Structure formats: structure tokens, C-alpha cells
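Trainee: Here is my input; please provide its structure:
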Amino acid sequence: MSLNAAPLRLSTTDPTFEAAFKARLHWSADTDAAIEQRVADILSDVQARGDAAVLAYTQRFDGLAAASMAELELTQAELKAAFDALPAAQKAALQAAASRVRRYHEAQKKACGESWSYRDDDGSLLGQKVTPLDRVGIYVPGGKAAYPSSVLMNAIPAHVAGVGEIIMVVPTPRGERNALVLAAAYVAGVTRAFTIGGAQAVAALAYGTETVPKVDKITGPGNAYVASAKKRVFGTVGIDMIAGPSEILVLADGSTPADWVAMDLFSQAEHDELAQSILLCPDAAYIEAVQAAIDRLLPAMPRREIIARSLNDRGALILTRSMEEACEISNRIAPEHLEVSSRDPHRWEPLLRHAGAIFLGAYTSESLGDYCAGPNHVLPTSGTARFSSPLGVYDFQKRSSLIEVSERGAQQLGLIAAELAYGEGLQAHARAAELRLSEVPPMRVPR
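Mentor: You can find the predicted model right below:
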């Protein structure tokens, strides 16, 4: 049976464009009520019973029976052995990708992750102290697919930030371990690793058990149960984000080979039936060429059923009046991945305000960013790029304000603080400032 992949065809000149455009973008992050209740029960059980609950859920959901948590912990020797056993080509690719990711995040740390301070004219010191988190947990998906790249993208910036301990959890259904994932953990500097997953793994990281240490923050993607668990433990620990389906938006001027763009659309569509792939282009003939390329290339794709479903249900090929209008629509979408596939991408980049990552030029495929370009591939989805950023060194650091007021500075600041504090009715605040003045006034009586 032949498969057809026909993304929705839209034109911004069509009177019905707005309604159709909004309908195609719609995606709800609401989780099924039954999943929410099950996750709540699992979190509560792990918080109460610790290791015993994690062992029970790991056997129930992953089919992996273990007498103790020690059997589910991966040793550093096992991680190194997995790396040593890789084929030479995989080993070299993993090390090259890790090197580029590390170099990028080291530059990021220098740009925004250092402490700073200055002194006022009166000698008071003001500044900011940047310190790493003590311990973080990274969730790495397992099961249907394995993602060593996710290990690199989560663990390396934490390592560069100076995090003391990096705890990895990864489900291994029926005990099936992925050697690349384990090797990536070794290369990225993971401190401890456990073969557990799902809501129970999130609970173990958030609350701690007899064996799994409690972390300060949890990062990394997962299924609906993992996303729901991360939402519920936020506040007890920090989280990176709640990720929606993968997205790619290609902004094209018609100069890139149509096959390249079609394959780039496939690159996200193959993730998931809910993934979204959109092309914005002012050239109608080019849009036809991309559709023809989709028809020609799809049959050879191993994940063609998923690609077809994604493109049919959520994909779109949109004809715009101009590249300027395409940029405006892109900002409305605020995509996870944005490819500017044009002869002069730097002409359009200043017009683009909202995107998780911007890929400039025909040779910059989104897949390079997923694996080895250097910038992080953990990106905001579902329009959250309007106010969110990619995962980075700054997610594994915290900032403390530094304040050292000199005796001379206290004379001026004390008067200001006291005046405002009396205005708020907080006499102790005011008096604490006034007692440091060289001439202490009488405390004011509230009216």
C-alpha cells in the first residue's frame, strides 16, 4: 500500500488563512487525567517507600526484576567498558560531538556565567556571585529509541558549569542496555547512573531514596508520565522545561535544492506523529517542488508511516507574499528549530526574534544541531521560545547577590531605606537601618 504525505497547503492571501493557520498550530499540553492520577500515586509511593517502590515499578513497567537498587546502578567501569567496546567510527564521532558541545558551553560560561562586582563612590561593594548547583539529575529516554546525544547535551553543560554530581537515569526495558548511551555517559562525565525510568525515576531524583541521591534540578525529555512527574515535583526541585512535540520551521527563498528541504521536514516528522514540520516560502513553484520531493523520497524512509502521519496531521506548506512576511509568521510560531534556507540568511536573521535555535544557510541542516554543531539541542517548544531559552550552562548555576555597604554608604542608604520602611509600616526594618547612622534619630511612632 502506498503512503501519501500531503502537508496542508495554505496561502497568506487566502481569506481563511488565519483560522486555518491557528488550527494547524494548535497543540494541547494537557495530560490525560488518568495519567495525572497515576503519576501522583507513583510519586507518593516512591516518596514513602523509596527504593522498594522504585524496584517494584521498574519490574512492573520495564520488565526488569532486581533484588536491590545496586543491581540497577551502572558502575563507572561498565560505562568505560561500553565506550571501549564501540566501533572505532562511533567512538570517534561521540568524542568529536562531545568536544564541540563542551567547547560551545565553555564559551557560554565565559560570556554569562562568571561572578562580578563593583564598588560605589562611597566604597560599598555590589555584585553577583555565580555558583554551580551541587547535584543534578538528567533523564535520558530509553525503550523504543535511545538518545546518546541527549546525554551529551544535558551532562556536558552541567559539567562545564561545575556541578558536583551528575546523576543519570535511563530506562532499560527488559534489561536491554544501549552501549552508545552508556559510552556517552562516560564521555560526558556522568557521576552515577541508574537503569530506571518513568515517573518513578523522576520521584527518586526529586525526593531521594536509600540509594538514589536527591538532586537540586532535573533536566531531560521523556514521555507523558515523565513530563507530568516533572511538573508535579517542580518546587521541590528545579526543572528545565516541559517539552512538547518536536518542531521544525523552514523559511526558504527557493534557492535550496527541494530534496534538502523535504528531508529536513522529514527529520522532525520522523520523531513522532505529533511532530510539526512547516515550510514558509514566497515561491509557489518551489513549494510544488518540495511537495514533489516529499512524494519521491518518502517511500525510502524506514519511518515513513510516522512521517506521513505527522505531515498529514500537523505539517504545512505556506505560500507567503514575501520573505519579510515569512519572518513575521515565523515570529508568531516561535519554533523550536528554525532553518533560514536562503542565499543570504544574514539578511533575514535580524528580523527573527523568537526561535529555540536558528540555522543559517542551506548547508546548516537541523540534524547537525541535534548531534554535533555545539549549541544545545534541548530547546523550547510549543511557542515557548517567546520567553524561554535553550538548555545551557546558566541552567546549572544559581546567582547570589553580593552586598557590602561601607560605613559612609550606610549614612545615605540608611535614610532611604528607613523612609521607605516606615512608609510600609515595617518599623523593625526602618530601625535596623537607622541604628547604623552616625546620628540615630528617635524611632517614629506609627500613626
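Trainee: can you give me how far stretch 115-126 is from the chain middle?
Mentor: Per C-alpha atoms, centre = their mean, to the nearest Å, the displacement of stretch 115-126 from the mean C-alpha position of its chain is 35 Å.
Trainee: now do stretch 48-66
Mentor: Chain-centre distance of stretch 48-66: 27 Å, with C-alpha atoms, centre = their mean.
Trainee: what number of residues lie near A23?
Mentor: A23: 9 surrounding residues under other C-beta atoms under 10 Å. Just so you know, the C-beta spots here come from the backbone N, C-alpha and C atoms, and that holds for glycine as well.
Trainee: Please report how far it lies from Q90.
Mentor: As judged by C-beta to C-beta, to the nearest Å, A23 and Q90 stand 43 Å apart.
Trainee: Outline the domain layout of the protein.
Mentor: Structural domains of the chain, as assigned by automatic domain parsing, span the residue ranges 8-29+244-373, 33-239.
Trainee: nearest to A421, of the ones you listed?
Mentor: Minimum separation from A421 across the domains of the chain (C-beta to C-beta) falls at domain 33-239, 18.8 Å.
Trainee: Off-centre distance for the closest one?
Mentor: With C-alpha atoms, centre = their mean as the basis, the mean position of domain 33-239 lies at 13 Å from the chain mean.
Trainee: First-to-last residue distance for it?
Mentor: With C-alpha to C-alpha, to the nearest Å as the measure, domain 33-239 spans 22 Å from end to end.
Trainee: Next: stretch 170-178.
Mentor: With C-alpha to C-alpha as the measure, stretch 170-178 spans 10 Å from end to end.
Trainee: buried ones in that stretch?
Mentor: Within stretch 170-178, the residues that count as buried by 16 or more other C-beta atoms under 10 Å are 170-172, 178.
Trainee: Stretch 350-360 now?
Mentor: Using 16+ other C-beta under 10 Å as the test for burial, stretch 350-360 gives 352, 354-360.
Trainee: for the residues you listed, which one is nearest I239?
Mentor: Within the set of those, G356 lies nearest I239; the separation is 16.8 Å, counting by C-beta to C-beta.
Trainee: thought that closest one was touching R386?
Mentor: No: G356 is beyond contact range of R386, at 10.5 Å (criterion: C-beta atoms under 8 Å).
Trainee: just to revisit the earlier point, mind checking which of the domains of the chain is nearest R447?
Mentor: Among the domains of the chain, domain 33-239 sits nearest to R447 (C-beta to C-beta), with 32.4 Å.
Trainee: What mean pLDDT does that closest one get?
Mentor: On average, the pLDDT along domain 33-239 is 95.
Trainee: residues in contact with the closest residue to F359 other than its chain neighbours?
Mentor: Nearest residue to F359, sequence neighbours excluded (C-beta to C-beta, 6 or more residues apart in numbering): E339, at 4.5 Å. E339 makes contacts with 248-252, 264, 359, 364-366, as judged by C-beta atoms under 8 Å, 6 or more residues apart in numbering.
Trainee: Then P257?
Mentor: When the contact criterion is C-beta under 8 Å, 6+ apart, the partners of P257 are A362.
Trainee: With R135 instead?
Mentor: With the criterion set at C-beta under 8 Å, 6+ apart, R135 makes contact with 163-167, 213-216.
Trainee: can you put those residues in CSV and add neighbour count and distance to G50?
Mentor: Below are these laid out as CSV (neighbours: other C-beta atoms under 10 Å; distance: C-beta to C-beta, whole Å):
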residue, neighbour count, distance to G50
V163, 23, 24
G164, 12, 22
E165, 16, 19
I166, 26, 21
I167, 22, 15
P213, 15, 12
K214, 15, 11
V215, 25, 15
D216, 20, 19
